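Engineer: Sequence and predicted structure below; questions after.
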Amino acid sequence: MLVLSRKEGEGIRLGDEIEVEIIGISKGIVRIGIKAPKEVLILRSELAKAVEKSNVAASSKLNLEALSTLSSKIKLKT
């Protein structure tokens, strides 16, 4: 992980199209601004983790349902 120090009003560039700027710092909270193309998905990490967890749970449920359906069809044929 690259760790950088930036002051309020300073920023960093990620590639040619993404810029991150420190907008403000107050009481231990850092406000950042991100300039990026619309097609770049930007999510807070806690939201991305929640979505990933939800997707894994949904995938597991679908797999169990599919296996149950397949199992019942196999039993009917015998």
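Structural biologist: Ah, there it is.
Engineer: Could you report the neighbour count for R13?
Structural biologist: 11 (other C-beta atoms under 10 Å). All C-beta spots, glycine's among them, are computed from the backbone N, C-alpha and C.
Engineer: Return the distance of it relative to R31.
Structural biologist: In this view, R13 and R31 are 18 Å apart by C-beta to C-beta, to the nearest Å.
Engineer: Can you tell me the closest non-neighbouring residue to G11?
Structural biologist: Once flanking residues are discounted, G11 sits nearest to E21: 3.6 Å by C-beta to C-beta, 6 or more residues apart in numbering.
Engineer: For that neighbour, which residues are in contact?
Structural biologist: Residues in contact with E21, defined by C-beta atoms under 8 Å, 6 or more residues apart in numbering, are 9-11, 32-35.
Engineer: I'd like the residues you listed as TSV, with pLDDT and neighbour count appended.
Structural biologist: Listed next are the contacts of E21 as TSV, based on pLDDT from 0 to 100; neighbours: other C-beta atoms under 10 Å:
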residue	pLDDT	neighbour count
G9	96	9
E10	97	11
G11	97	14
I32	96	13
G33	97	11
I34	97	13
K35	97	12
